[in-house]
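Peer 1: okay, here's the prediction I keep looking at, along with the sequence it came from:
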Amino acid sequence: MAVDLERLAEDALAALKAAGFEHAQVSASVSELDELNINHNEPSLLRSTEDHSLSLMGIIDGRKASTALTDLSEDAIAQGVASLLDRARLAPQDDANAVSENQQGHFEQGPATPDGDLMAARVSELLEFRKRETPKMQIEEGGASHRFSKGILLTTGGTRLTRAIGCYSLSVMGTAIDGDRSSSFNYTGGITNDLSQGHASTLFGIGDMLRETERQIETSSFDGNFKGDIILAPTAVGDLLGWLMGQLQDMALISDNSIYRDKVGEMIASQLLKLKSRFDAPGHAAYTADGFVTPPLTLVDRGRLTCLIPGLYGSRKTGIEHRPTTSGWVVEPGKTPKSELIAGIDKGAMVNRLSMGSPGANGDFSGVIKNSFKIEGGSLGAALTETMIAGNMADMLMDIVAVSSEHLDLGGENFPWIRINNLSFS
Amino acid sequence: MGNMNVPAGVDYSEARQHELRKTRVVMVDGNLTANTETSEGGSSARVFNRGYWGFASVPDMDDAAAARVAKKAAENAQTMCRFGDQPRIEMPTEFHVGEYGYNGRPPMSQKETMDLLAELNGYCKKEFPQLKSASFILAQENHEKRIANSFGSQGLSTINRAAFYILFSAEDKNGRPVELMEAVSGRGNLADLDLSVESLAPRLQELHQHLQAKRVAVPAKGGKKTVIIAPPLAGMLAHEAMGHPCEADLVLGGAVTGKLVGQPIASELVTMVDLAHSYNGEELMIPVYVDDEGTVAKDVTLIEKGILKQFMSSRETAAKLGIEPTGNARAYTFNDEPLVRMRNTAILPGTSKLEDMIADVEDGYYLLRTGNGQADSTTEFMFGIDLAYEIKNGKLGSAITDTTVSGTAINMLKTVDAVSDDMYWECNGYCGKKQPMVVSLGGPALRAQVHIGGE
């Protein structure tokens, strides 16, 4: 990492100003990745990558353009600035174009250098666990990795944000096979600052996923169509919340397609749902790509939507209050044990994965539930053949009837199990 | 660019220099929300020795960078030996020397781009006053790769993909948003697509008509139904549901296709291929002449008249399965290792007429567009359906609300009883498999039985 990021960014910002840009933003970063890969149940590849990047954004006369390059030579940067100016001058004028002002901060966490022995030990543990505990499980791909990145973001508005973030990740993806029969593929993984804690199989639900996938070789189906209840496992909760987030951000707000446009302060979910930020999650720096520090935020408070979350441009374009957010979210666990969530369902499913298209702004969806199990008479039963369910995302948020006390921490996300009523099974 | 540095004294090695340039411009209701050009480039090396791989990359392309990644890749392969001995693999030693450049039109200038977007926005506002929102996305990416390997391969390959997306939204009868997207895509850069307002007008009008139909759409009746799968969807089906399970690395991982070679897995009307670079004498949208392992790219017949025939492979997976390498090893950026990836995957046309296929359906659905799809190594698949119509007594009826179709491809393809005589190609999406990848999809219309989500 020989690049002098401070000097690179300062020089680039000066070049943008000298070229005539009235407002500008520069981001410079370097990163290193070491990735120990598993393929087909064996260690296979050690991959080491270095990267660096310089991103430039300039506004002149209300007209904006941006670029990013990896060639950091003086000539390349000068050419990048000149081309940026040409493109910005031809862009439409827009008063909403702006840069952040006076944001300051340094964000640092996680290990800066990889511990190769630790990564190898974790991979060996995983492979031994598979061989000993879940021999029918075939690990298609997975492994351990370490990433370290440094970055700086400067604007002509006096913003100066820096980061130095290191983290490990561990992941597994595969299929359980017994003779001619096999499960659907399944996967899990997460990120952490400390890979040394606990056995590898206890991290990110990996051991549970491997065991459950072996049980998914034998499947059965429901007869006929019916209305039933589901428990969304933490691995599927993200699909529901991902749709919600999309409706609260720039694209949906600018095009005026969000059904939540006028719902701030109103109940948009069951009062059991509390969704709050975790912007300082492992691997994350708590600031946005458009140069704003992200203070902690409770986005849905006991079912009530507290705000919309446009970026700077979206806020200025729509007049909606600017609420900077980045990735990293937590659903607060409830008080009901997972066993009671299951016991309360007469007919339905434990949904570990929801495979569907991208539900539109109105929230209507149908999708296939995968890696899932039947629930009948309050008991968890056999694995389900891939089964179709249909409903509406907005209705699902309102129809949450229980949230588990248990939760699964994947690093960036930490979600419980959530019970939702009245989905159509077919 | 500096010299290639292929590590020596190992079982196999390769070096690559890779530049990727992208443009993305987004206009939402006349507001320019993205106006970006990016370029990235670097050197990588990969070494296979004593059963293990080592890979290294840096974002520079001079001689020093080439030497550094060669040394680091060899060290990484050596480091992997800590895991013990692996069975020896005899890599296929074939090599290829060739350069495959690109001759397209000069790229669109920024002024041409802005003028086009402004004109399109004005046209839509005037022609379609009922629209709530109109968005346009222009995207292009250009890859240039130099490849060399220890068996003597030397190559230059280029991939250029351009795509234009139109997204319309309106309100349904209950005031809820409904959306619909159309994409135009092709080989080359945006200037190689015909994007004049005059030529796009019929597609815009058609998209608007479909959106009006969606405003009063009815829910599908859930269950197993006879459907006509329109050509764009058939291409997605080919790629997702049968393409992935025919990738040799998935076969080695236990995909059900591994034990089905030579067996019937589809109707004899179905022939499916992954084409390297050409079809009927024309260059395809994603032409691969030499892959990122320096293997000459060959056409692969995956299914021939319903019989499973071949898999797509890299050098390592070919050696492990005892098949020939097909030139499917591809990497997305300079810091990615090559994986087994599809190129131009298609179901080949049949002899039926689409109108006749629809006319013969008493009660079913005409599935026109998909937003996305996923599939499994079991060939189980799921596609989101953004646009579809009922078929009642051989005639198209109401549009249906967004839904999903699912099934197991090796069962569903056996139900195909008609394949149309037309052929449609597109390359507007990304295939996801550890890395993204640009691919093209092709197909005619199919008539089959499939499970559809709904009431």
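Peer 2: Looks like it came in fine. Numbers count the residues shown, from 1 in each chain, chains lettered A, B, ... in the order given.

Peer 1: which single residue of chain A approaches chain B most closely?
Peer 2: Residue nearest to chain B within chain A: residue A:357 (1.5 Å; CB to the nearest CB). For every residue, glycine as well, the C-beta is placed using N, CA and C.

Peer 1: tell me the confidence at the nearest residue to that residue once chain neighbours are set aside?
Peer 2: Leaving aside its sequence neighbours, residue A:357 sits nearest to residue B:384 (CB to CB, 6 or more residues apart in numbering or on different chains; 1.5 Å). Residue B:384 is assigned 88 on the pLDDT scale.

Peer 1: correct me if wrong: residue B:384 contacts residue A:355.
Peer 2: No: Residue B:384 lies out of contact with residue A:355 (CB atoms under 8 Å); the separation is 9.5 Å.

Peer 1: ok, which residues in the stretch 301-450 of chain B are in contact with chain A?
Peer 2: B:335, B:337, B:370-372, B:374, B:376-378, B:380, B:382-386, B:401-404, B:406, B:434 (CB under 8 Å from any CB of the partner chain).

Peer 1: among those, which ones are buried?
Peer 2: Buried members of these, counted by 16 or more other CB atoms under 10 Å in any protein chain shown: B:335, B:337, B:370-372, B:374, B:376-378, B:380, B:382-386, B:401-404, B:406.

Peer 1: give me the subset of those that lies in strands.
Peer 2: B:370-372, B:374, B:380, B:382-386, B:403-404, B:406 (DSSP state E).

Peer 1: let me see the ranges of the helices in the stretch 251-400 of chain B.
Peer 2: Using DSSP state H, counting those that start in this stretch, the helices assigned to the stretch 251-400 of chain B run over residues B:315-321, B:354-359.

Peer 1: any residues touching the first one, and which ones?
Peer 2: Residues outside helix B:315-321 that contact it (CB atoms under 8 Å, 6 or more residues apart in numbering or on different chains) are B:12, B:48, B:89-92, B:248-249, B:251-252, B:293, B:295, B:311, B:313, B:324-326, B:329, B:340.

Peer 1: and for the last one?
Peer 2: Under the criterion CB under 8 Å, 6+ apart, residues B:228, B:366, B:391, B:394-396, B:418, B:420, B:422, B:445, B:447 lie in contact with helix B:354-359.

Peer 1: repeat that with 10 Å
Peer 2: Here helix B:354-359 makes contact (CB atoms under 10 Å, 6 or more residues apart in numbering or on different chains) with B:228-231, B:350, B:353, B:364, B:366, B:389, B:391, B:393-396, B:417-422, B:444-447.

Peer 1: spell out which parts of the stretch 301-426 of chain A neighbour chain B.
Peer 2: Residues of the stretch 301-426 of chain A lying close to chain B by CB under 10 Å from any CB of the partner chain are A:311, A:313-314, A:317, A:353-368, A:370, A:385-390, A:392, A:394, A:424-426.

Peer 1: scratch that, the stretch 151-300 of chain A
Peer 2: So the stretch 151-300 of chain A meets chain B at A:173-177, A:179-186, A:224-225, A:247, A:250-252, A:254-259 (CB under 10 Å from any CB).

Peer 1: please flag which of the residues you listed sit within helices.
Peer 2: Among these, the ones falling in helices (DSSP state H) are A:247, A:250-252, A:254.

Peer 1: can you list the low-confidence ranges for the chain?
Peer 2: Using chain A here. A:1 (pLDDT under 70).

Peer 1: that's the wrong chain, I meant chain B
Peer 2: Looking at chain B by pLDDT under 70, you get B:1-3, B:455.

Peer 1: residue in it with the shortest distance to chain A?
Peer 2: For chain B, CB to the nearest CB, closest residue to chain A: residue B:384, 1.5 Å.

Peer 1: measure residue B:12 to residue B:297 for me?
Peer 2: 18 Å (CB to CB, to the nearest Å).

Peer 1: and what of residue B:190?
Peer 2: Residue B:190 is 26 Å from residue B:297, by CB to CB.

Peer 1: and if you look at residue A:359?
Peer 2: From residue A:359 to residue B:297 the distance is 38 Å (CB to CB).

Peer 1: hang on, the earlier thing: list only buried entries from the contacts of helix B:315-321.
Peer 2: So, by 16+ other CB under 10 Å, the buried ones in those are B:12, B:48, B:91-92, B:248-249, B:251-252, B:293, B:295, B:311, B:313, B:325-326, B:329, B:340.

Peer 1: which residues touch residue A:113?
Peer 2: Counted by CB under 10 Å, 6+ apart, residue A:113 has contacts A:32, A:34, A:146, A:148, A:166.

Peer 1: could you find the closest non-adjacent residue to residue A:246?
Peer 2: Excluding the flanking residues, the one nearest residue A:246 by CB to CB, 6+ apart is residue A:252, at 6.2 Å.

Peer 1: domain ranges for the chain, per the record?
Peer 2: The chain I'm using is chain A. Per automatic domain parsing, the domain ranges recorded for chain A read A:5-215, A:226-425.

Peer 1: let me rephrase: I mean chain B.
Peer 2: Split by automatic domain parsing, chain B gives B:12-215, B:223-452.

Peer 1: which of those is buried the deepest?
Peer 2: Stretch with highest mean neighbour count among the domains of chain B: domain B:223-452 (a mean of 22; mean count of other CB atoms under 10 Å in any protein chain shown).
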